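1. What follows is a protein structure lacking sequence information:
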C-alpha cells in the first residue's frame, strides 16, 4: 500500500529529478557553515535563510536545540570542515514553555510507562525533552553551550538568531 | 563583526521576507508527516521531496539517523499530531563506513581527550556517533528501530527511502 503522502513524494521527486543538475556537488559544504534550526513545518530553511544546494549543513530537530545537534555539529566540523554555526530558533515554537514532567505525562498517558522507561534507558537518566522557557534566552543558552563545549573547537564561530514565523524575518540575538 | 555567511543570511532573508505570505500557517503540519533525513549540504529537502511550507516536520542530522531523531519524532507525534514518518538516507553519505573508534580518534587528535570525555558524559556511556555500514541496511535498521520502539505508537506509518545525490532520484527501500 502506498499512502497519500508517499504518492506525493514519489510524484514530486519525479519532477524534481527531471530538472536536477546538482549531481556533481561536493559533500563538503562550500561555504563551510552549519545551521541548527527547528523541525517546525513553517520553516523552509533553504528559502528563508538563503541556502543554495552544496553550501551548508542543515540540522533540524524539535526546538532547534544545540544540545540535540551536538553529534551532528562535531561530525560537521571534524570530518566535513565547517567552521561556523548559526543557531536559529523561532517565534511560537512548540518547545517553548514545555516542561519535562509535562511531556512525560503526555507520553505515559498515550503510550504507557514503558515508553518513558525506554527513553530514560537511552541516556541512563531521566530523558531530557530539551524545552526552553524564553525564546531569546533559549538562543543565548544554546550559543553559550556550544562556546563552552570541549567538543567544539574554540575557533568555530557561533551566532544566535530568531526567525519570526509571522513575518518571515530573521533577527540576530547573539553575535 | 559580521561574517560573510552572516551578511549573506541577512541579505537573503530581507528579500525572502518581502515576498513572505505564509504568516498564518498552523504550527500543526497539515499533511501530518515528518521526514528524517541527513544534514548533507547536497539535499534541498523541500524541493527534492516536494514539501510545501506548513505540511511536514523536517528533522535533519548527520546520517539521517532515526535514533538521533527519536526525541523530535515523539514530540512530533505526541504533541503535534503527525502519524507518518519517512526515513530518507542518501548515497555517498559521510556517515557510511565510519566507526565509533575512528571518529573518536579524530576528535582526540584535534580537540584532545577532554572532548571525547565530555561527549561520553552526555549518555553515561561511550558516545555513539551512529555510523552505518551499508546504505539500504542502514535504512532498514532505522525503520525497524522505530517500528519496535515503545515511544512510537503502533499506528504510526514508517517507511524507508534512499536519495541518490548524483541523480536527484528517491527510491523506496522499505514499506
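-> Structure received. The structure presented is a predicted model; accordingly, all values stated were derived computationally and were not measured.

2. Can you give me the separation between residue A:58 and chain B?
-> Per CB to the nearest CB, to the nearest Å, residue A:58 is found 5 Å from chain B. C-betas here are computed from N, CA, C, even on glycine.

3. quick one: pLDDT of that residue?
-> Predicted confidence (pLDDT) for residue A:58: 98.

4. helices and strands of chain A: which one bottoms out on pLDDT?
-> The least trusted helix or strand in chain A, going by mean pLDDT, DSSP states H and E, turns out to be helix A:113-123, with a mean of 88.

5. what about that one, near chain B?
-> Yes - judged by CB under 8 Å from any CB of the partner chain, helix A:113-123 comes into contact with chain B at A:114-119, A:122-123.

6. Now list the buried members of these.
-> Neighbour-count burial within the residues of helix A:113-123 next to chain B applies to A:115-116, A:118-119; the criterion is 16 or more other CB atoms under 10 Å in any protein chain shown.

7. and which of these is nearest residue B:138?
-> Comparing these against residue B:138 with CB to CB places residue A:118 closest, at 21.4 Å.

8. Low-confidence ranges, chain A, go.
-> Counting by pLDDT under 70, chain A shows low-confidence ranges at A:175.

9. Torsion angles phi and psi at the residue nearest the centre of it?
-> Taking CA atoms, centre = their mean, the centroid of chain A lies closest to residue A:60, which sits 2.3 Å from it. Main-chain torsions, residue A:60, degrees, to the nearest 10: phi -130, psi 140.

10. Identify the bridge partners of the nearest residue to it once chain neighbours are set aside.
-> Spatial nearest neighbour of residue A:60, chain neighbours left out: residue B:60 (4.4 Å); criterion: CB to CB, 6 or more residues apart in numbering or on different chains. Legend: beta-bridge partners of residue B:60 under DSSP bridges are residue A:60, residue B:37.

11. Kindly report the same for residue A:96.
-> residue A:132.

12. Run through the residues that contact it.
-> Counting by CB atoms under 8 Å, 6 or more residues apart in numbering or on different chains, residue A:96 makes contact with A:63, A:131-135, A:138.

13. State the pair within those that is farthest apart.
-> Largest separation among the contacts of residue A:96 by CB to CB: A:63 and A:134, giving 12.8 Å.

14. Could you check which of those two is surrounded by more residues?
-> A direct count of neighbours by other CB atoms under 10 Å in any protein chain shown for residue A:63 and residue A:134 places residue A:63 higher, at 29 against 11.

15. Surely the more buried one touches residue A:93?
-> Yes - between residue A:63 and residue A:93 there is a contact at 6.1 Å, judged by CB atoms under 8 Å.

16. Please identify the helix or strand for residue A:86.
-> Residue A:86 is part of strand A:84-90, with elements assigned from DSSP states H and E.

17. Which parts of chain A are helices?
-> A:4-18, A:45-49, A:70-78, A:100-111, A:113-123, A:135-148 (DSSP state H).

18. rewinding a little: what's the spacing between the residue nearest to residue A:60 and residue B:71?
-> Separation of residue B:60 from residue B:71 (CB to CB, to the nearest Å) stands at 14 Å.

19. residues shared between the contacts of the two?
-> Joint contacts of residue B:60 and residue B:71 (CB under 8 Å, 6+ apart) are residue A:61.

20. quick revisit: report whether the expected contact of the residue nearest to residue A:60 with residue B:46 is present.
-> No - counting by CB under 8 Å, residue B:60 does not reach residue B:46; the two are 11.5 Å apart.

21. before we move on, back to that, can you list the buried ones among the residues of helix A:113-123 next to chain B in a markdown table and add distance to residue A:102?
-> Compiled in a markdown table, those are given as follows (distance: CB to CB, whole Å):
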| residue | distance to residue A:102 |
| --- | --- |
| A:115 | 15 |
| A:116 | 12 |
| A:118 | 19 |
| A:119 | 15 |
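
22. With respect to residue B:84, which of those is nearest?
-> Distances from residue B:84 to these, taken by CB to CB, are shortest for residue A:115, at 18.7 Å.

23. and the closest one, what does it touch?
-> Under the criterion of CB under 8 Å, 6+ apart, the neighbours of residue A:115 are A:107-108, B:74, B:150-151.

24. Type out the PyMOL command that picks the buried ones from those.
-> With 16+ other CB under 10 Å as the burial test, the buried ones among the contacts of residue A:115 are selected in PyMOL as follows:
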select buried, (chain A and resi 107) or (chain B and resi 74+150+151)
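
25. one step back: which of the helices of chain A is buried the deepest?
-> Of the helices of chain A, the one with the most neighbours on average (mean count of other CB atoms under 10 Å in any protein chain shown) is helix A:70-78, at a mean of 24.

26. domains for chain A, by residue range?
-> A:22-97+A:132-174, A:99-127 (automatic domain parsing).

27. Tell me which of these sits nearest to residue B:85.
-> For residue B:85, the closest of the domains of chain A is domain A:22-97+A:132-174, at 11.7 Å, according to CB to CB.
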